[in-house]
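Visitor: here is a sequence together with a model predicted from it:
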Amino acid sequence: MGGCFYVQGEGGDVQGAIAIQNLCKTYRGKRGKRVTALADLNLQVEVGQVFGFLGPNGAGKSTTIKLLLDLIRPTSGVCRLFGADSRDPATRQRIGYLPENPSFYDYLSAEEYLSFVGSAFRLDRSIMAARKGEVLKQLGLWDVRKRAIRTYSKGMVQRLGIAQALLHDPDLLIFDEPMSGLDPLGRALVKSVIRELRQLGKTVFFSTHITADVEAVCDRVGILVGGHLRVVTDVNKILTRGLQGYVVEVITDGGAVSIAEVGKDDLQKELNRFWSEGSRIERIEPIRPDMESYFLSVVQQVEAP
Ligand SMILES: Nc1ncnc2c1ncn2[C@@H]1O[C@H](COP(=O)(O)OP(=O)(O)OP(=O)(O)O)[C@@H](O)[C@H]1O
């Protein structure tokens, strides 16, 4: 098993929003058995990036996030948030956090719960009122704001989890599987919230095992497998490299639709042939590896004997 592969061409702020150095976490499992959840993690996330932390189940994603938030202690290593030690409680003021399985005081309404969160962050009364309205509307919870949380669906609870993370207008959002439990509408909503956060210059770090979500919203991706960070790269670099060929759809002289796969060096030759046969070119699409095939290839490399 090799080390982490940092793809060339990345620079930026030395401190960054997140800087993780030599982070290790070993749990004591059943009968004192040691479980190495994270092995020597080094990772930097720049200010303003949307970073997808991708990995299969049990890869160590939640462990990393809990370490970043000082909810658990590392076996060794350090995490820095905007240059400050993540164990410093003052860093919390700049972070919004969505846990993996959010659960709230469910006898409260969303509005009451957000007031509780706002007071924990010592938000000024008028700012709190304005922010509560903004995030409730942003997450589609305005109409149900006075209902007890226990009457909410799973997706509504998840969206409230994101609303409470945004309430104090933090600079860094750390979301543990933000799209989990959401229907397609909810997923689209959360993706648009993440894009809005990027436009505001916020940094978003979120864990997921859903490759399409990384493809849809992330600037950068880190792939974690079995506690080891395997790759950190720009999402665009994965999506634009490795052209394998083209799908060409043509309408023949006789009006029939024909779809052909053409090798990446044969496009011009094949187009000339179609034209000479009197066919009309309807569609040309490049065939490239998507995030899913890239992710699978990284995981399979690790699993290969
Ligand atoms: N409190 C704990 N005690 C013992 N082992 C633990 C504990 N928490 C996590 N682990 C183990 O550490 C490893 C990493 O778990 P972690 O929850 O960080 O992974 P994950 O990538 O978030 O997984 P998932 O996508 O399933 O949530 C797993 O083998 C898990 O069983």
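Guide: Now that the structure is in, tell me what you want to look at.
Visitor: what about stretch 228-248, near the ligand?
Guide: No: using Cβ under 6 Å from any ligand atom, stretch 228-248 never reaches the ligand; the gap is at least 11.7 Å. Every residue, glycine included, has its C-beta placed from N, CA and C.
Visitor: state the mean pLDDT of that stretch.
Guide: Over the span of stretch 228-248, the pLDDT mean works out to 87.
Visitor: now swap in stretch 207-217 and tell me
Guide: On average, stretch 207-217 scores 93.
Visitor: I would like the residues contacting that stretch, please.
Guide: By Cβ atoms under 8 Å, 6 or more residues apart in numbering, the residues outside stretch 207-217 that reach it are 50, 52-57, 61-62, 64-65, 100, 175-179, 187, 191, 194-195, 198, 221, 235, 239, 290-292, 294-295.
Visitor: for stretch 77-86, same thing?
Guide: Stretch 77-86 is contacted from outside by 15, 17-24, 40-41, 47, 67-70, 90-91, 94-95, 171-172, using Cβ under 8 Å, 6+ apart.
Visitor: please tell me how far the spatially most central residue of the chain sits from Arg273.
Guide: Nearest to the mean C-alpha position of the chain, by Cα atoms, centre = their mean, lies Gly52 at 3.2 Å. In this view, Gly52 and Arg273 are 42 Å apart by Cβ to Cβ, to the nearest Å.
Visitor: what do you get for Ile210?
Guide: As defined by Cβ to Cβ, Ile210 lies at a distance of 41 Å from Arg273.
Visitor: more crowded one of these two?
Guide: Taking other Cβ atoms under 10 Å, Ile210 and Arg273 do not tie; Ile210 has more neighbours (17 against 14).
Visitor: now the helix or strand Ala163 falls within, how far from the centre of its chain.
Guide: Assessed by DSSP states H and E, Ala163 sits inside helix 154-166. What separates the centre of helix 154-166 from the centre of its chain is 16 Å, taken as Cα atoms, centre = their mean, to the nearest Å.
Visitor: what sits up against that helix?
Guide: By Cβ under 8 Å, 6+ apart, helix 154-166 touches 96-99, 102-104, 110, 113-114, 117, 135-136, 138-141, 144, 149, 152, 173-175, 178, 180-183, 186, 189-190, 193, 197.
Visitor: please redo it, this time with the cut-off set to 6 Å
Guide: The contact list for helix 154-166 (Cβ atoms under 6 Å, 6 or more residues apart in numbering) reads 96-98, 102, 110, 117, 135, 139, 141, 173, 181-183, 186.
Visitor: among the residues you listed, which are in strands?
Guide: Of the contacts of helix 154-166, the ones assigned to strands by DSSP state E are Gly96, Tyr97, Leu98, Leu173.
Visitor: the last one and the ligand, how far apart?
Guide: Counting by Cβ to the nearest ligand atom, to the nearest Å, the separation of Leu173 from the ligand is 17 Å.
Visitor: over to the third one?
Guide: Using Cβ to the nearest ligand atom, Leu98 is found at 13 Å from the ligand.
Visitor: the nearest residue in space to that residue that is not next to it in sequence sits in which helix or strand?
Guide: Take Leu98 and drop its neighbours on the chain: the residue closest to it by Cβ to Cβ, 6 or more residues apart in numbering is Phe175, 4.3 Å away. Secondary structure assignment for Phe175, by DSSP H and E: strand 172-176.
Visitor: do Leu43 as well
Guide: Assigned by DSSP H and E, Leu43 falls within strand 34-45.
Visitor: so which elements touch that strand?
Guide: On a contact count with 3 or more Cβ pairs under 6 Å, 6 or more residues apart in numbering; DSSP states H and E, strand 34-45 meets strand 18-28.
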